[in-house]
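*Asks:* Sequence and predicted structure are below.
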Amino acid sequence: MRHALLIAARDLRERARDRTAYVLAIVLPLGLAVVFSLILGDISGDSRLFTYAVADADRGVIARTFTDDVLRKAAASGAIELRTVSSEHEARRLVDDGTATAAFLLPAGLTEDVRAGRAARIEVVGDVDAPTGTDVARSLAQAYTDRLDAVRTAVTATVHSGVTTAPDQLAAAAAAALPQAAVAEDTTGRRQLDAKTQYAAGMAVFFLFFAVQPGVTGLLDERRNGTLARLFAAPVRRSSILAGKLLTSVVVGVVSMAVLVVASSLLMGAHWGNPVGVVALVVSGVLAATGAMAVVAAVAKTSEQAGGWQAIVAIVLGALGGSFFPVSQAGGLLEQLSLMAPHRWFMRGLADLAGGGVPAVLPAVAAMALFAAVTGAAALLLFRKVVRP
Amino acid sequence: MTVLSCSGLKRRFDDVLAVDDVSFTIAEGETYGLLGPNGAGKTTTISMITGVLERDAGEVFVDGVAMSTHTIAAKRLVGYVPQELALYPDLTGRENLRFFANLYGAGRRRVEFVLDVVGLTERADDLAREYSGGMKRRLNVAIGLLHEPRLLVLDEPTAGVDPQSRNQILENVRALAAQGMAILYTTHYMEEAERLCDRVGVIDSGRLIAEGTRRELVERLGERDRISLQLDGDLTHAASLLGAIRDVRGVAPHGHGLELVVDDARECLPAVLSAISTNGVVVRSVEVTEPNLETVFLHLTGKALRE
Ligand SMILES: Nc1ncnc2c1ncn2[C@@H]1O[C@H](COP(=O)(O)OP(=O)(O)OP(=O)(O)O)[C@@H](O)[C@H]1O
Ligand SMILES: [Mg+2]
């Protein structure tokens, strides 16, 4: 074990001097993620937290119930952030300058309309650059007004049977109970990663396969250098030599992923989720990538050959796993095949983590661990040929 | 005391029998030269002795420790300088040495000592890839010395090295042998083998075909000193005169002159020259050939050592 550590430490020292390694493992994935999120924009919302402005020109019970019971509840659950403003003009300004994702304009006479049995109308002004946030706002407003309409008839009937509560208050209370559904809808929406995290994670896992490559391929470099003969002549077990090489890959992989997670969070505002879950996914992902690259290195004759084949395998697995286009929506054989790629499981694990907490990543972690075990075992068998005396 | 003992070494690569039943021993403080033409099986033999290559048959003992059963312990006793440069180009000389020192459990002081021995202290913090060819060779040798091995195996350590670096390497080897290290050395350079090696084994086509000190080999082959003379005048008369000299064993025509086989060329050369010059024969040139390993080699294998 000490020898494996020594061998890995030496490899890492050499890696640390290789500038192309940084480009491949950190600069490129981060840069591409930034470029993609700038070009392709915000598919699923600017951030997890939508900021909504509310301008209440009605000041009646229907408007107040919507603000207090519907919106404030949603705000308390962390799904949205609420800003009450005094005028429609100010609400529109907040949306225009991007401070708010959307604004609810509660018109004067809203309560009066409901009381008079007319249809309720809540206007939503949305930021065109944040379609998802606007959609969520619309659905909140829509659900409330629909419900108002639906209960209106029942309320009218109740009033005629002589109940003393005002009909508008009844209607508001009944309607307020419902729009939780809209908020719940929002939570399921968050099981899909937001765009920035999606790009950051997608690029990170794609380039991870390139980042781990030098460690396992190092065995072939050492053979060419002649240093492998030196290691063979040294009082070191051959299994320690192999272990050292694998360890190099794992360390490089984990470090580059850690840098990418931190950097994309700070620089791009990506939300990777609970750190424990992220660590589990990163470690199992790194092991899977190391296994795959080790198999290729073990069948290659030279490190140049290995490098070429590894690039092909990394790209094919990446494409299959959804790094370039969303295979999960492709359906059929392609979707089945995509389950073989660690990339797919990594992204799924992150989405599950966002939606359901740490235990939700276990299926993805298990899938990647299985991939790592199978490829790792195959690589060790194949590598025995390389290190056979 | 015997440091290396190998017996019945055999190794086949597909249809090439690279090493066939090679056995020899090296004593403490002894330098043993393995001589043979390209492809003779020197590197293959060495690789089996260092445990780099598996043996098809045979056994290697270093200080009585069997390579087959106590591999790690046996390897600890052997220092190895491979024929091809075996360095990490992106590490400095010192880092290269420290890495291998750690593997062998040698200390940092030893690293500095070895750097000094091979004269690389000043360049120790430069990357190995920036070294000149000779400096790389010296670093290559230095790595093999790190852990003060009982047996040092050098596979053509001076190939392609300028005379200065070469002398330095040879000096190092000689000093190590003087300290009691057993040394196994292969080379293409005859002078080196003659200067350095106490004993020589000649290997050809995987077989060890002769073994002994230079004197022993020369004598066993019946090789003698020769004097070649280019002459003007009566050769027949000169031949009979020269044949009468005590030390001269044979006289034969040779180009425009004669070739004499003698016991000791240096000793009888004056007698030869005076015998001719007093009889009106003019000597155009004289060439003395003392048999060396090169001649032994040529005789044994029919091949020149350097192709
Ligand atoms: N790994 C190998 N695979 C196949 N054949 C090999 C291998 N190593 C050596 N050989 C063959 O074994 C024979 C002996 O080679 P070896 O390298 O031992 O020769 P050598 O005496 O060291 O030659 P040189 O003076 O050129 O270094 C050669 O015919 C060579 O082609
Ligand atoms: Mg050789």
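*Replies:* Right, received. Where do you want to start? Ligands and ions are numbered 1, 2, ... in the order given.

*Asks:* helices or strands up against the longest helix seen in chain B?
*Replies:* Determined from DSSP state H, the single longest helix within chain B is helix B:163-178. With contacts taken as 3 or more Cβ pairs under 8 Å, 6 or more residues apart in numbering or on different chains; DSSP states H and E, helix B:163-178 sits against strand B:31-35, helix B:133-145, strand B:151-155, strand B:182-186, helix B:190-196. C-beta: built from backbone N, CA, C; applies to glycine.

*Asks:* Mind checking these for the one nearest to ligand 2?
*Replies:* strand B:151-155 (5.9 Å; Cβ to the ion).

*Asks:* is any part of the closest one close to ligand 1?
*Replies:* No: using Cβ under 6 Å from any ligand atom, strand B:151-155 stays clear of ligand 1, coming no nearer than 7.1 Å.

*Asks:* which ones are touching A:Thr134?
*Replies:* Going by Cβ atoms under 8 Å, 6 or more residues apart in numbering or on different chains, A:Thr134 touches A:101-102, A:124, A:126-128.

*Asks:* And the residues you listed, which two are furthest apart?
*Replies:* A:Val124 and A:Val128 (12.8 Å; Cβ to Cβ).

*Asks:* Compare neighbour counts for these two and give me the winner.
*Replies:* Taking other Cβ atoms under 10 Å in any protein chain shown, A:Val124 and A:Val128 do not tie; A:Val124 has more neighbours (19 against 7).

*Asks:* what is that one paired to in the beta sheet?
*Replies:* On the basis of DSSP bridges, A:Val124 is bridged to A:Phe104.

*Asks:* same question, B:Val251
*Replies:* With DSSP bridges as the rule, B:Val251 is bridged to B:Leu260.

*Asks:* count of neighbours near it?
*Replies:* Using other Cβ under 10 Å, the number of residues around B:Val251 comes to 22.

*Asks:* Do I have it right that it meets B:Leu242?
*Replies:* Yes: with contact defined as Cβ atoms under 8 Å, B:Val251 counts as touching B:Leu242 (5.4 Å).

*Asks:* shared neighbours of these two, anything?
*Replies:* With Cβ under 8 Å, 6+ apart as the test, B:Val251 and B:Leu242 both reach B:258, B:260.

*Asks:* Just the residues contacting the longest helix of chain B, thanks.
*Replies:* Outside helix B:163-178, the residues that reach it (Cβ under 8 Å, 6+ apart) are B:29-31, B:117-119, B:134-135, B:137-138, B:141, B:145, B:152, B:154, B:157-158, B:161, B:183, B:185, B:192, B:195-196.

*Asks:* center of chain B, which residue is that?
*Replies:* B:Ala193 (3.3 Å; Cα atoms, centre = their mean).

*Asks:* quick one on the thing from earlier: how about the helices and strands packed on helix B:163-178, which one is nearest B:Pro82?
*Replies:* strand B:151-155 (5.8 Å).

*Asks:* Tell me, how many residues neighbour the residue of chain B found nearest ligand 2?
*Replies:* Using Cβ to the ion, the single residue of chain B nearest to ligand 2 is B:Thr43, 3.1 Å away. If you count neighbours by other Cβ under 10 Å, B:Thr43 ends up with 22.

*Asks:* secondary structure class for it?
*Replies:* helix (DSSP: H, G, I helix; E, B strand; the rest coil).

*Asks:* Would you agree it is in contact with B:Leu154?
*Replies:* No: taking contacts as Cβ under 8 Å, B:Thr43 lies outside contact range of B:Leu154: 11.5 Å.
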